[in-house]
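Participant: Need coordinates for the following:
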Amino acid sequence: MMTSMIEALSDPAALPDTTEKVSVVQTHISIVFVADAFVYKIKKPVNFGFLDFSTLEKRRYYCYQELKLNRRLSKGIYLDVLPVTFDGGRFYLGGGPGETVEYAVKMKRIPEDKLMKTIFVKGGLTRSHLRRTAEVLARFHLNALRTHEIESYGKPERFRVNTDENFEQVERYCDISIPRDRFVAIRRWTDQFYREMGALFRERISQGKIRDCHGDLHMEHVCFTEQLSIIDCIEFNDRFRYGDTVADIAFLLMDLEYHGGYDHAKVLWEAYEEMAGEKELDPLLTFYKVYRAFVRGKVNSFQMDDEGISVAERDQALERARKYFQLAYAYTAEA
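Facilitator: Got it, this is the predicted structure:
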């Protein structure tokens, strides 16, 4: 049914808002229908352990979570959750006859030229852009939700659940997207960090730095609209969103460096340090950069197994995975 639904909703006439064309973008967890003015995102019925969209009710719940959580850092972009119905012969998005078979998050479409990644690639990312981003993130992190439950995710043994899970899930890609010797080296480096830096994790808790953050903060999610917007936070698993504020910005710094923007990352970090009142955090920042690069390598490795995308797209995912894993390893070698 998924394939026929994708084909049906690729027809402009099938969407609830007038559009001349529709393009489809797939990730390992979503199918995104991009129309002229709006975007409609449907969650795939997948279960990766850390993410479970296996039932319709779960997909509905996480659509509403996506709406609520992303409104923290974006205004007027996340609009509604719409049902997808099927009457036995035709799919309807936004209400129609038949049974509800999926749900879609409706968003205002953001022009590509407003994304940080696009601006960076075109050579237009300025110090002003970076300071504006730092200001928004520092304010968000200083005011994000903080509770005893959330703070418990800052404990080294609690955060280690994430890194251990990463190694377990990536091991089967050894010598495909990551050389086994580098996989082993990154795991040993991570284990050593936990042994030697446990006090640093606890200090961050006492400083109030463990918050309900964004969790997926990379360049394609930072939008230089009239009011800077940051979209697509993690809605599907609290433990990927609850964490150290430095872990959050480390993702964006790593992504800039992945694309060669080392000078840009330096400007962003220095501005954020100043605005958020941070200092002397290089070891912890490196740890979280390694973690974030490894996660991106994992996610791109998963795409190699997605038969819903083309062979060319799977090959591209493999190349991205290799590059992210190489960056993770480089961070450990420089530490």
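Participant: what is Phe85 paired to in the beta sheet?
Facilitator: If you look again at residue 85, you'll see it is Thr, not Phe. Tyr92, Thr100 (DSSP bridges).
Participant: can you check Phe33 too?
Facilitator: With DSSP bridges as the rule, Phe33 is bridged to Val24, Tyr40.
Participant: can I see the domain layout of this structure?
Facilitator: 2-109, 114-334 (automatic domain parsing).
Participant: Need the winner for burial among those.
Facilitator: Mean neighbour count (mean count of other C-beta atoms under 10 Å) peaks for domain 114-334 among those, with a mean of 18. From N, CA and C alone the C-beta is placed, and that goes for glycine too.
Participant: Compute the first-to-last residue distance for it.
Facilitator: 34 Å (C-alpha to C-alpha, to the nearest Å).
Participant: With stretch 229-236 instead?
Facilitator: Termini of stretch 229-236 sit 20 Å apart (C-alpha to C-alpha).
Participant: Run through who's touching it.
Facilitator: Defining contact as C-beta atoms under 8 Å, 6 or more residues apart in numbering, one finds that stretch 229-236 is touched by 29, 51-53, 62, 65-66, 69-70, 72-75, 77-78, 107, 110, 136-137, 140, 213-217, 220-223, 240-241.
Participant: got any ranges where the stretch 151-300 of the chain has weak pLDDT?
Facilitator: Judged against pLDDT under 70, the stretch 151-300 of the chain has no low-scoring part.
Participant: ok, residues contacting the helix of greatest length in the chain?
Facilitator: The longest helix of the chain (DSSP state H) is helix 311-334. Applying C-beta under 8 Å, 6+ apart, the external contacts of helix 311-334 come out as 26, 173, 176-178, 182-183, 185-186, 189, 254, 257-258, 286, 289-290, 293-294, 296-298, 300-301, 303-304, 306, 309.
Participant: State the mean pLDDT of it.
Facilitator: The average pLDDT for helix 311-334 rounds to 95.
Participant: Stretch 5-20 too?
Facilitator: Mean pLDDT, stretch 5-20: 94.
Participant: Identify the residue nearest the residue sitting nearest the centre point of the chain in space, chain neighbours excluded?
Facilitator: Nearest to the geometric centre of the chain sits Asp216, at 2.9 Å (C-alpha atoms, centre = their mean). Spatially, and ignoring its direct neighbours in sequence, Asp216 is nearest to Ile234 (5.1 Å; C-beta to C-beta, 6 or more residues apart in numbering).
Participant: how much space is there between Asp212 and Val84?
Facilitator: Remark: distance between Asp212 and Val84 (C-beta to C-beta, to the nearest Å) = 30 Å.
Participant: Equivalent analysis for Glu235, please.
Facilitator: 18 Å.
Participant: same check, this time on Val290
Facilitator: 39 Å.
Participant: which residues of the stretch 201-335 of the chain fall in strands?
Facilitator: Here the stretch 201-335 of the chain has its strands, by DSSP state E, counting those that start in this stretch, at 210-212, 222-223, 229-230, 242-244.
Participant: Turn these into CSV, including distance to Ser152.
Facilitator: Formatted as CSV, those follow (distance: least, C-beta to C-beta, whole Å):
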stretch, distance to Ser152
strand 210-212, 8
strand 222-223, 29
strand 229-230, 25
strand 242-244, 8
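Participant: who wins for proximity to Arg160 among those strands?
Facilitator: Closest to Arg160 of these is strand 242-244 (C-beta to C-beta; 12.2 Å).
Participant: Residues contacting the closest one, please?
Facilitator: 149-150, 153-154, 159, 204, 209-213, 215, 284, 288.
Participant: For the residues you listed, work out which two are farthest apart.
Facilitator: Going by C-beta to C-beta, the pair spanning the contacts of strand 242-244 furthest: Glu149 and Leu284, at 21.9 Å.
Participant: mind listing which of the contacts of helix 311-334 are in helices?
Facilitator: Reading helices off the contacts of helix 311-334 with DSSP H, I get 182-183, 185-186, 189, 254, 257-258, 286, 289-290, 293-294, 296-298, 300-301, 303.
Participant: Next up, the contacts around the closest residue to Glu220 other than its chain neighbours.
Facilitator: The spatial neighbour of Glu220 that comes closest, neighbours along the chain excluded (C-beta to C-beta, 6+ apart), is Lys117 at 4.9 Å. Contact analysis of Lys117 by C-beta under 8 Å, 6+ apart lists Met219, Glu220, His259.
Participant: What strand or helix carries Lys117?
Facilitator: helix 116-121 (DSSP states H and E).
Participant: pLDDT (mean, whole number) over that helix?
Facilitator: pLDDT averaged over helix 116-121 gives 98.
Participant: Please save the CA atoms from it in PDB.
Facilitator: The C-alpha trace of helix 116-121 is given here as PDB (Å, rounded to 0.1, in the frame of the first residue of the first chain):
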ATOM      1  CA  MET A 116      22.000  27.600   6.200                       C
ATOM      2  CA  LYS A 117      23.300  24.800   4.100                       C
ATOM      3  CA  THR A 118      22.300  26.500   0.800                       C
ATOM      4  CA  ILE A 119      23.700  29.800   2.000                       C
ATOM      5  CA  PHE A 120      27.000  28.100   3.100                       C
ATOM      6  CA  VAL A 121      27.400  26.200  -0.200                       C
END
